[in-house]
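Peer 1: no sequence on hand, only this structure:
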């Protein structure tokens, strides 16, 4: 399982947590307002729109990222390829493609919707809460990853078996297994049965 440290200096348009506005939603995913990113994550959390991306290489291995150590929320933990929040009024699909390119320097191929999942995951280390209505996407990565070191500490492509081994010894984001399990039907359709997802 080769890992690649993020060393490419790209400019990030992510802003600070206090500056970014998130789209608040009801339990059906309907927009009901906006809130600053940090306030939306402070306990008990406000339900907001999010997205999670799962990209795979030509052999069916999943691209993981380890979040940068300087992130205000869940720093240094492993997670799915990319996750984040659409700007108010931005489609989740557009946001997923945008942030994948901003964080990892790649544009997803065959990016497809993979459903939604709603969860409530407190982060014990920071005290922040993920109250999210999460739009899931799966696709392929067909270009070298050029991660922004302000966003990503390192990356790795893993098989299901390598993911299990890594999950046993490393810390993952609180939401990782929830979003992966919700995306599995679409992942299996994309990668085929031989990949083992």
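Peer 2: Yes, it's here. Small disclaimer: the values here were computed from a predicted structure and weren't measured.

Peer 1: helices of this protein, start to end?
Peer 2: Ranges of helices within the chain are 37-41, 92-104, 160-169, 176-191, based on DSSP state H.

Peer 1: which parts of the shortest one are buried?
Peer 2: In terms of neighbour count (16 or more other CB atoms under 10 Å), helix 37-41 has its buried residues at 37-38, 40-41. For every residue, glycine as well, the C-beta is placed using N, CA and C.

Peer 1: contacts for stretch 86-101?
Peer 2: 20-23, 31, 34, 49-51, 53, 55, 81-85, 106-108, 111, 113, 135, 137 (CB atoms under 8 Å, 6 or more residues apart in numbering).

Peer 1: any of those residues buried? List them.
Peer 2: 20-23, 49-51, 53, 55, 81-85, 106, 108, 111, 135, 137.

Peer 1: low-confidence stretches in the protein?
Peer 2: In the predicted model of the chain, residues 1-18 satisfy pLDDT under 70.

Peer 1: strands along that one, start to end?
Peer 2: 3-5, 21-25, 31-36, 48-56, 62-67, 78-79, 82-84, 109-122, 129-140, 152-158 (DSSP state E).

Peer 1: distance from stretch 56-76 to the middle of the chain?
Peer 2: 8 Å (CA atoms, centre = their mean, to the nearest Å).

Peer 1: buried sites along that stretch?
Peer 2: For stretch 56-76, by 16+ other CB under 10 Å, it's 56, 60-68, 71, 73-74.

Peer 1: if I look at the nearest residue to residue 48 once chain neighbours are set aside, how far off is residue 90?
Peer 2: Of all residues not flanking residue 48 in the chain, residue 22 sits nearest, at 4.4 Å (CB to CB, 6 or more residues apart in numbering). Counting by CB to CB, to the nearest Å, the gap from residue 22 to residue 90 is 11 Å.

Peer 1: same check, this time on residue 194
Peer 2: From residue 194 over to residue 90 (counting by CB to CB), the distance is 36 Å.

Peer 1: returning to what we had before: export the strands of the chain to a markdown table and append columns for distance to residue 101.
Peer 2: Output for these, formatted as a markdown table (distance: least, CB to CB, whole Å):
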| stretch | distance to residue 101 |
| --- | --- |
| strand 3-5 | 17 |
| strand 21-25 | 20 |
| strand 31-36 | 24 |
| strand 48-56 | 11 |
| strand 62-67 | 13 |
| strand 78-79 | 17 |
| strand 82-84 | 9 |
| strand 109-122 | 11 |
| strand 129-140 | 12 |
| strand 152-158 | 12 |
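
Peer 1: any idea which of these gets closest to residue 180?
Peer 2: strand 48-56 (7.2 Å; CB to CB).

Peer 1: who are the packing partners of the closest one?
Peer 2: strand 21-25, strand 62-67, strand 82-84, helix 92-104, strand 129-140, helix 176-191 (3 or more CB pairs under 8 Å, 6 or more residues apart in numbering; DSSP states H and E).

Peer 1: residues contacting residue 58?
Peer 2: 140, 142.

Peer 1: measure the residue nearest the centre of the chain to residue 119 for me?
Peer 2: The centroid of the chain falls nearest to residue 83 when counting by CA atoms, centre = their mean (2.1 Å). Counting by CB to CB, the gap from residue 83 to residue 119 is 12 Å.
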